[in-house]
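Participant: Build me a structure from this.
(one chain, ligands or ions: 2)
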Amino acid sequence: MTKTFSIPTKLPYAGTTIFTVMSKLAADENAFNLSQGFPSFDCSPELTGLVDHYMKKGFNQYSPMSGITPLKESLAEKTSLVYGVDYHPDTEVTIVSGATEAIFCAVTAVVHPGDEVILFEPAYDSYRPAIDINGGVPVYITLNAPDFAIDWELVRTKITPKTKAIMINTPHNPVGTVLSRQDLEQLAAIVKDKDIFIISDEVYEHIVFDGELHHSMMTHPILRERSFVCGSFGKTYHMTGWKIGYCLAPKELSDEFRRIHQFITFSTVTPMQYALADFLKIPSHYLRLPEFYQKKRDRFNAAIKDSRFTFTPSKGSFFQIVSYDRITDEYDYDLAVRLTKEIKVAAIPVSVFYQDKKDDKLLRFCFAKDDWMLDKAGEILCKL
Ligand code: PMP
Ligand code: GLN
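Facilitator: Ligands and ions are numbered 1, 2, ... in the order given. A predicted model of the protein is given here:
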């Protein structure tokens with residue numbers, strides 16, 4: 001008889017991620033997919049042309065463990081240009097297979113069993129599993145609608161001798177807030193003189209609106225010295241499927257980060273790295289993103305202006321959260337499923353980003369979609 005196994009799970013609370021669930025449902029139902037965060041339009045043909053070029057040139061074997069030198073150099077140059085901060089390409093820049101890997105490696109590098117990690121909810125779904133798998137203790141601080149601001153005095157009260165790291169996400173997924181200079185000052189005042197690391201998810205660094213600036217952790221000296229700044233090329237260049245990300249961190253932190261990375265994926269897809277090394281040299285590709293996405297945000301928000309949804313325009317990321325409390329009191333997950341099936345528009349229920357599945361009657365729409373789709377989805381949503 002065949003033996004069947006039952007594996008005691010390390011992640012009892014985690015089913016299949018909401019992004020996979022909703023995208024599958026949207027596909028099955030032939031619905032407009034404004035749920036999972038990915039563009040409905042293609043990346044630049046210049047970029048795919050470069051990949052083609054490098055593949056044909058034979059750049060098809062393993063890349064060095066920490067990434068190819070030209071990409072690490074291009075990224076260091078871009079970082080210096082944009083933020084005025086220098087990272088050494090050899091020792092402080094590591095190319096990995098997406099920001100998800102960067103975050104996992106950073107957490108794994110610093111968190112030992114019993115260490116506490118402070119994180120804010122709503123929280124992107126990969127943070128807690130990374131902490132748990134490493135035997136860490138997640139310490140949640142809940143951010144509340146409508147502004148989802150961080151109460152730094154509350155953060156201060158959560159620091160204990162066991163606090164090993166604080167996880168930051170700016171611009172924020174799902175709520176679209178951005179941290180201010182004052183937020184960075186407050187955080188720096190809290191961690192100064194303490195052995196606390198910052199794991200900073202900045203994948204939407206180039207998607208900020210209304211003339212606001214992205215304040216990277218690297219721009220504050222006290223934060224820079226202890227931060228793993230995690231980024232993703234997927235968001236910036238409209239190719240989330242390539243799964244190429246990076247971590248910028250001081251040498252000692254990068255050393256430990258790489259020790260982990262080499263046993264998780266070892267290295268990242270080679271020809272794409274060469275293509276990105278060239279593409280990154282042209283600043284307009286990322287400098288025009290705020291305008292590009294602000295137009296999409298405004299288009300979607302204009303399309304739902306006369307609906308019964310209420311919202312504050314997103315300040316960053318490619319997500320808009322909306323309140324539906326004037327429409328129905330259904331559980332947000334049930335509503336998201338029902339809307340996908342009945343009116344053919346898919347969204348993400350915001351409760352999934354809270355550990356207790358707190359339901360504030362909010363849905364997250366991704367506006368990284370073609371204009372016609374934003375208009376059409378808006379038209380349908382206005383009928384609710
Ligand atoms: N962090 C946040 C906040 C994200 O929204 C995403 C993906 N959309 C990631 C990390 C993961 O990025 P990647 O696809 O490069 O792994
Ligand atoms: N980050 C994307 C989102 O928030 C999804 C990425 C994924 O599916 N893992 O929608």
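Participant: For this structure, which helix or strand comes out least confident on mean pLDDT?
Facilitator: Here the helix or strand of the chain ranked lowest by mean pLDDT, DSSP states H and E is helix 284-287, holding a mean of 94.
Participant: Going by neighbour count, list what's buried in that one.
Facilitator: His285, Tyr286 (16 or more other Cβ atoms under 10 Å). From N, CA and C alone the C-beta is placed, and that goes for glycine too.
Participant: cool, and stretch 83-92?
Facilitator: Within stretch 83-92, the residues that count as buried by 16+ other Cβ under 10 Å are Tyr83, Val85, Tyr87, Pro89, Thr91, Glu92.
Participant: Just give me the neighbour total for whichever residue of the stretch 51-200 of the chain sits closest to ligand 1.
Facilitator: Nearest residue of the stretch 51-200 of the chain to ligand 1 (Cβ to the nearest ligand atom) works out as Gly98 at 2.7 Å. Gly98 is flanked by 23 other residues according to other Cβ atoms under 10 Å.
Participant: ok, the closest residue to it other than its chain neighbours to Val269 distance?
Facilitator: In this structure, Gly98 finds its nearest non-sequential neighbour in Lys243, 4.0 Å apart by Cβ to Cβ, 6 or more residues apart in numbering. Separation of Lys243 from Val269 (Cβ to Cβ, to the nearest Å): 8 Å.
Participant: more neighbours, the two?
Facilitator: Taking other Cβ under 10 Å, Lys243 and Val269 do not tie; Lys243 has more neighbours (19 against 16).
Participant: unless I'm mixing things up, that one is touching Ser97, no?
Facilitator: Yes - here Lys243 reaches Ser97: they are 5.0 Å apart, a contact under Cβ atoms under 8 Å.
Participant: Need the residues touching each of those two.
Facilitator: Common neighbours of Lys243 and Ser97 (criterion: Cβ atoms under 8 Å, 6 or more residues apart in numbering): Thr268, Val269.
Participant: what is in contact with Lys243 and Val269 at once?
Facilitator: Ser97.
Participant: May I have the residues that are in contact with the residue nearest to Gly98?
Facilitator: With Cβ under 8 Å, 6+ apart, Lys243 has these contacts: Ser97, Gly98, Thr100, Glu101, Gly234, Thr268, Val269.
Participant: Where does the fifth one fall, secondary structure wise?
Facilitator: In this case it means Gly234. Element membership of Gly234 [criterion: DSSP states H and E] is helix 233-236.
Participant: mean confidence for that helix?
Facilitator: What helix 233-236 shows for mean pLDDT is 97.
Participant: do the same with stretch 243-256
Facilitator: What stretch 243-256 shows for mean pLDDT is 98.
Participant: who's in contact with the helix holding Gly234?
Facilitator: 38, 98-99, 203-207, 239-246, 276, 285-286, 289, 318.
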